[in-house]
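J.: Pasted the sequence and its predicted model underneath.
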Protein chains: 2
Amino acid sequence: MTELNAITHKGTTLETAPTLYIEGSGIRFAYRRLGPSNGTPLILLQHFSGNIDAWDPAVVNALAVDRPVIAFDNAGVGRSTGQTPDNIAAMARDAVTFIGLLGFSKVDLLGYSLGGCVAQQMAAEHGPLVRKVILVGTAPQGGEEHLLAVLKEAFSQTETPDPRLPLFFTRSADGQAAGKAFLNRVYARKEDRDTDSGSAVTDPQAKALITWCATPDTEHTILRAITQPALVVSGSDDTMLPADNAYAMFRAMSNAQLLLYPDSGHGALFQHHAFFVSHVRTFLDA
Amino acid sequence: MTELNAITHKGTTLETAPTLYIEGSGIRFAYRRLGPSNGTPLILLQHFSGNIDAWDPAVVNALAVDRPVIAFDNAGVGRSTGQTPDNIAAMARDAVTFIGLLGFSKVDLLGYSLGGCVAQQMAAEHGPLVRKVILVGTAPQGGEEHLLAVLKEAFSQTETPDPRLPLFFTRSADGQAAGKAFLNRVYARKEDRDTDSGSAVTDPQAKALITWCATPDTEHTILRAITQPALVVSGSDDTMLPADNAYAMFRAMSNAQLLLYPDSGHGALFQHHAFFVSHVRTFLDA
């Protein structure tokens, strides 16, 4: 690695960037940093059970062409130490701690699924820290109650090579082809891969996600507190957190754009990665 | 005008391009042509009562930077001759006639409001002619029944300087400021302006629009026949053809993206013109 790269992280990719560590408040956070050093950093908030290497390089590397992008493991996840909390508010606090350790005073958030719940909480509670927020395949507090059944069914399909194929992609030929291409990209990194999550991560995460989705918030207190520009994204056929959630979130927020993709499930951002990257850049650069 | 401009129309703008005429099937169509000569032409299909000069130069000129863009008056409208039909199917036939006269065998469509109904009909019935379709502030057949009341109320507000201010823009400070900026752009052209529409245009157009919106199509026959890539766009607070129509259209089409903008009405594409242009280019260039 040249000295320039060491400073700017420019030209590195999710597959080749070294995993870095930073410690504070009793937690050692694992992360990778891509892209130039200047510009508002985009912080990626990951889905249930996912780690740094569950992000799609096609999305992350393309976004890092012209802005700093940070993928990290929140407390307890992957190679980060600490306890995985069983509630969204504590996950949001841990993420704010991590961002503070990196010295950022203003960031953009890309929250996906569980990470989208964390991003909502952060945007609502930490206005000065969060410039813009992208919410993908996620749900508002109190939005969705059938999630547990869907997760159980998906993880019981042991004949599929990876639960993300049926969970994240539609059953159409295009959907499954996109799913396999996604998995190929995700497994391209061979060295220094992140650690898979066990029940010490997934049990509290599941509790946090289910509690979030089942706790009524008929007044949309959290969404109404998000005044930053927001981009809400969903797939047409997301079976876990259906697109109706995205439409409801768009309706409840004062400054949100809604973007829905065709023939796509929970992994719409990976299936339509070229569109998604373009739309995110348009949104963040405006 | 240089010879190069005469051929390519490149560098001309909606405000400066000469109005051209082309005749066939007993109709003399008025139109303006912008942008380079190569690339798939983008044909603009205008809203109820609107003519060529009702398009927003901020949208049209930006789109014409890298593709041919054609604004025209359909039969009977503005300075085009012929009878304005009282049904969408005939308007679609007239538009196909016009495109044929220009010698195009493959086009993209941008249909706005009434023009969006015409675009749906064209995309469904003329598959080989239509490559991609953008549907803005419009409704599916059978989608909307309260339109007449809204139109009547809007046109009765004689104290407003232009019915488009209350009809196309939200009442928020941002919405009304965007509306005034839009009207300034629309009236920038002083010479060779298009002719306003009288009842010979608006009576049959109103009948066509209301019939379209009130004729049930519970099976979404037309939308299901649209297999081309589609981009459906609406404002969050469109009082004429509410965003629920856009969501329903997205749901019924097999290959549509949905895009909704915040704090905006029927004129969302003019209010959020920079976003809209970027999103249209991303969609058409994919």
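T.: Nice, thanks for sending it over.

J.: Check the offset of stretch A:136-144 from the chain's centre.
T.: Put simply, stretch A:136-144 sits 13 Å off its chain's centre (CA atoms, centre = their mean, to the nearest Å).

J.: So the nearest residue to residue A:218 once chain neighbours are set aside versus residue A:270, what's the distance?
T.: Among residues not flanking residue A:218 along the chain, residue A:142 sits closest, at 6.9 Å (CB to CB, 6 or more residues apart in numbering or on different chains). Where you see a C-beta, it was placed from the backbone N, CA and C, and this is true even at glycine. Between residue A:142 and residue A:270 the distance is 27 Å, computed by CB to CB, to the nearest Å.

J.: Between the two, which is the more surrounded one?
T.: Higher neighbour count among residue A:142 and residue A:270: residue A:270, with 27 against 18, using other CB atoms under 10 Å in any protein chain shown.

J.: ok, residue A:221 - how many residues close by?
T.: 13.

J.: now swap in the one 3 residues further on and tell me
T.: Counted with other CB under 10 Å, residues neighbouring residue A:224 total 13.

J.: So which bits of stretch A:14-21 are buried?
T.: A:14, A:15, A:16, A:17, A:19 (16 or more other CB atoms under 10 Å in any protein chain shown).

J.: now swap in stretch A:263-276 and tell me
T.: So for stretch A:263-276, counting by 16+ other CB under 10 Å, buried means A:263-273, A:275-276.

J.: now swap in stretch A:200-209 and tell me
T.: Buried-residue list, stretch A:200-209, by 16+ other CB under 10 Å: A:201, A:202, A:204, A:205, A:206, A:208, A:209.

J.: Over to stretch A:240-259?
T.: A:240-243, A:245-254, A:256-259.

J.: Does it reach chain B?
T.: Yes: if you take CB under 8 Å from any CB of the partner chain as the test, stretch A:240-259 does meet chain B, through A:247, A:250, A:251, A:253, A:254, A:255, A:256, A:257, A:258, A:259.

J.: Serialize these to a markdown table and add fields for pLDDT and distance to residue B:222.
T.: Below are the residues of stretch A:240-259 next to chain B laid out as a markdown table (pLDDT from 0 to 100; distance: CB to CB, whole Å):
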| residue | pLDDT | distance to residue B:222 |
| --- | --- | --- |
| A:247 | 94 | 23 |
| A:250 | 97 | 26 |
| A:251 | 95 | 27 |
| A:253 | 97 | 32 |
| A:254 | 95 | 34 |
| A:255 | 97 | 34 |
| A:256 | 98 | 30 |
| A:257 | 98 | 27 |
| A:258 | 98 | 24 |
| A:259 | 98 | 24 |
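
J.: from these, which two are the most distant?
T.: A:254 and A:259 (17.2 Å; CB to CB).

J.: Can you report phi and psi for residue A:23?
T.: Backbone torsions of residue A:23, given as degrees, to the nearest 10, read phi -130, psi 140.

J.: Quick one: neighbours of it, just the number.
T.: 11.

J.: thought it was touching residue A:101?
T.: Yes: counting by CB atoms under 8 Å, residue A:101 is a contact partner of residue A:23 at 7.5 Å.

J.: what touches both of the two?
T.: With contacts taken as CB atoms under 8 Å, 6 or more residues apart in numbering or on different chains, the residues that reach both residue A:23 and residue A:101 are residue A:29.

J.: if we can go back for a sec, tell me, which of the buried residues of stretch A:263-276 make contact with chain B?
T.: Within the buried residues of stretch A:263-276, those near chain B by CB under 8 Å from any CB are A:263, A:275.
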